[in-house]
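> Got a sequence here, can you build the structure:
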Amino acid sequence: MKTNINILFTLCILLLCACKSGNASNQSENESPRDTITTFTLPAIPQMMTAPEQRAEFLVKHYWDHVNFADTNYIHHPEITEQAWADYCDILNHVPLKTAQGAMRKTIEQTNADKKVFTYITDLADKYLYDPNSPMRNEEFYIPVLDAMLASPLLEEIEKVRPKARRELAQKNRIGTKALDFTYTLASGAQGSLYQQKADYTLLFINNPGCHACTETIDALKSSPIINQLLAQKKLIVLSIYPDEELDEWKKHLNEFPKEWINAYDKKFVIKEQQLYDLKAIPTLYLLNKDKTVLLKDATAQTIEEYLIMKGEQ
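Residues are numbered from 1 along each chain as shown. Prediction:
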């Protein structure tokens, strides 16, 4: 979904032109109210807030001030409400995580005014923050949605089964926590474990060779200067794991993986059957430190490269 031009303008004000923002706020205050079913009205940011961080925080906390969540007419205007939701999810990236999570939970709690609206908004949260095909997928933003769903008086206990399962899975291997250990098997039959790896970083790459996205990720990692440099310096280990049953298919693609990587499979299917790792998106990448604490979860090859460069690993 394209970013609304109003949001782009607002972000420019927040991040680039905070010192000139007073006029924009005055203009918003002086405009006559418009029908929120035909347009989405942003909150007027107080003139005294000139720092981009202050303005971003205010916008996130007051983004929905002009929306009546008891009005089911919003459901019938996805061209307005869905665009506003997509823009909101994007703006959350401009504030501290704790602020974003608090604002998200408050937003979902506000929709308790009507179950149809509640269902509509939580479905949008699924689409943008949980769906593996969404470029805006963000588990840390989605967890407050699940928390609000589990606490909602609108849902019957049977309706809370799915969000509860998702919440439990989201807790596993979360950034800042220790990754769950597992045993892997090499093509030779030799075995090892995640925690046996001794390096500054371990890049866990759970994949299904042959899938288009997996091939793209393999190529991106193989051609990454920072990844190859750290491999050569023994500061990084790439542990590539195949979690599925078609072992012959996995062996057929082994020559696509660099010999410098550990290329293995999960012989007892523990990762999948015990849901040690969330496999809704394949491939999935985790960057771990030397203590196996998760630094990046469900990240792209580019994000991992940027993180390592930022940390001075070059």
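> Name the residue closest to the centre of the chain, please.
What sits nearest the mean C-alpha location of the chain, by C-alpha atoms, centre = their mean, is Asn138, with 1.7 Å.
> Give me the pLDDT value at the nearest residue to that residue once chain neighbours are set aside.
Excluding its sequence neighbours, the residue lying closest to Asn138 (C-beta to C-beta, 6 or more residues apart in numbering) is Leu129, at 5.2 Å. Backbone N, C-alpha and C define where each C-beta goes, glycine included. At Leu129, the predicted lDDT confidence score is 97.
> which phi and psi does the residue nearest to the centre of the chain have?
For Asn138, the backbone dihedrals (degrees, to the nearest 10) come out as phi -150, psi 110.
> do you know how far it is from Glu306?
17 Å (C-beta to C-beta, to the nearest Å).
> Show the contacting residues for the residue nearest to Asn138.
Cys89, Met136, Arg137, Asn138, Glu139, Phe141, Tyr142, Val145 (C-beta atoms under 8 Å, 6 or more residues apart in numbering).
> Chain neighbours aside, what residue packs nearest to the fifth one?
By that I understand Glu139. Sequence neighbours aside, Ala170 is the residue nearest to Glu139 in space, at 5.5 Å (criterion: C-beta to C-beta, 6+ apart).
> how many neighbours does Ile143 have?
19 (other C-beta atoms under 10 Å).
> That one: which element?
helix 139-151 (DSSP states H and E).
> Centre of the chain to the helix or strand following that helix, how far?
Downstream of helix 139-151, the first helix or strand assigned by DSSP H and E is helix 161-171. Per C-alpha atoms, centre = their mean, to the nearest Å, the displacement of helix 161-171 from the mean C-alpha position of its chain is 15 Å.
> Now helix 161-171: buried residues?
Pro163, Arg166, Arg167, Leu169, Ala170 (16 or more other C-beta atoms under 10 Å).
> I'd like the contacts of Leu129 as CSV, with distance to Lys115 and pLDDT appended.
CSV is the format used below for the contacts of Leu129 (distance: C-beta to C-beta, whole Å; pLDDT from 0 to 100):
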residue, distance to Lys115, pLDDT
Cys89, 22, 96
Met136, 25, 93
Arg137, 26, 92
Asn138, 25, 94
Glu139, 25, 94
Phe141, 23, 97
Tyr142, 20, 97
Val145, 16, 98
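> nearest to Ile75, of those residues?
For the contacts of Leu129, the minimum distance to Ile75 (C-beta to C-beta) is 17.6 Å, reached by Val145.
> which residue sits closest to that closest one, ignoring its sequence neighbours?
Nearest one to Val145, counting by C-beta to C-beta, 6+ apart, is Ala125 at 4.4 Å.
> now the angle between helix 139-151 and whichever strand or helix holds that neighbour, please.
In this structure, Ala125 is located in helix 115-125 according to DSSP H and E. For helix 115-125 against helix 139-151, the angle by axes from the mean of the first three to the mean of the last three C-alpha atoms, to 10 degrees is 160 degrees.
> what does helix 115-125 contact?
69-72, 74-75, 81-82, 85, 107-108, 111-112, 142, 145, 149, 152, 154.
> Narrow those to those in helices?
Thr81, Glu82, Trp85, Thr107, Ile108, Tyr142, Val145, Met149 (DSSP state H).
> Isn't the first one up against Thr72?
When you say that, I think you mean Thr81. No - using C-beta atoms under 8 Å, Thr81 makes no contact with Thr72, being 11.2 Å away.
> So those two - more neighbours on which side?
Thr81 (21 against 14).
> Fine by me, thanks again.
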